[in-house]
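Participant: turn this into a structure:
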Amino acid sequence: MPLFTVNGQPMSCQLYRPDAGAAGPPLVLVHGFPLDGRIWAEVAQRLGQRHRVIVPDLPGFGGSRGAPTTIESLAGAVRQLLADLDALPAVLAGLSMGGYVVLELTRRFPADVAGLALVDTRASADDEAGRERRLQTIDLVRREGVGAVVEGMLPNLVAEQTGPETAQRLREIMMAVSPDAVEKASLAMRDRPDARDL
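Facilitator: Predicted coordinates for the structure are as follows:
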């Protein structure tokens, strides 16, 4: 994946149909936790037949360095990448944690958003039970490593009829995440602002 420098850190990003002749505004697909941009590959290839598609790895995930600190900082990194690529305004799609990121980008830079797709995510902040689950994830990754977090999450990410190849691919993507990124992303999600006012 091509690497770009965003806020002094390498940020990887897959580009589909980067030519200016693509139809409509760019489409930006933002992954969830603890995944990376590879989860969008098939969707991006199809969309890329007609549109300019941008699939970043958020800081700390995939080929991107650094670590997530806040949802606001992740939104700022995505927005800076898109500005550097001359890809604003854009249609943003966010999966799970990616939804939190695109909602924050929309809050901070509404003129840069041509459309919004929220995929398996929510606008509300974590309630007390949700905040406690984030802390349990941090405790688990510290005690038992990323593998324990992955095995706990995987059943929630795949349907009964999901083939073993897809489950294994998700497992491999999640296992590539560092314990530090799991911990910091958990804190960022725990402390994210409520976006229902949007």
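Participant: what's in contact with stretch 99-116?
Facilitator: 25, 28, 30, 32, 58, 71-72, 74-76, 78-79, 82, 88-94, 118-123, 189, 192-193, 195, 198 (CB atoms under 8 Å, 6 or more residues apart in numbering). Where C-beta positions appear, they are placed from N, C-alpha and C, glycine not excepted.
Participant: mind checking the pLDDT average for that stretch?
Facilitator: What stretch 99-116 shows for mean pLDDT is 98.
Participant: in that stretch, which residues are buried?
Facilitator: 99, 100, 101, 102, 103, 104, 105, 106, 109, 112, 113, 116 (16 or more other CB atoms under 10 Å).
Participant: tell me the one of those nearest residue 143?
Facilitator: Nearest to residue 143 among the buried residues of stretch 99-116: residue 100, at 25.9 Å, using CB to CB.
Participant: list the contacts of residue 38.
Facilitator: Residue 38 touches 62, 169, 173, counting by CB under 8 Å, 6+ apart.
Participant: now, which of the residues you listed sits nearest residue 49?
Facilitator: residue 169 (22.3 Å).
Participant: what helix or strand is that closest one on?
Facilitator: In this assignment (DSSP states H and E), residue 169 forms part of helix 164-175.
Participant: gap between that helix and the chain center?
Facilitator: Relative to its parent chain, helix 164-175 has a centroid offset of 17 Å by CA atoms, centre = their mean, to the nearest Å.
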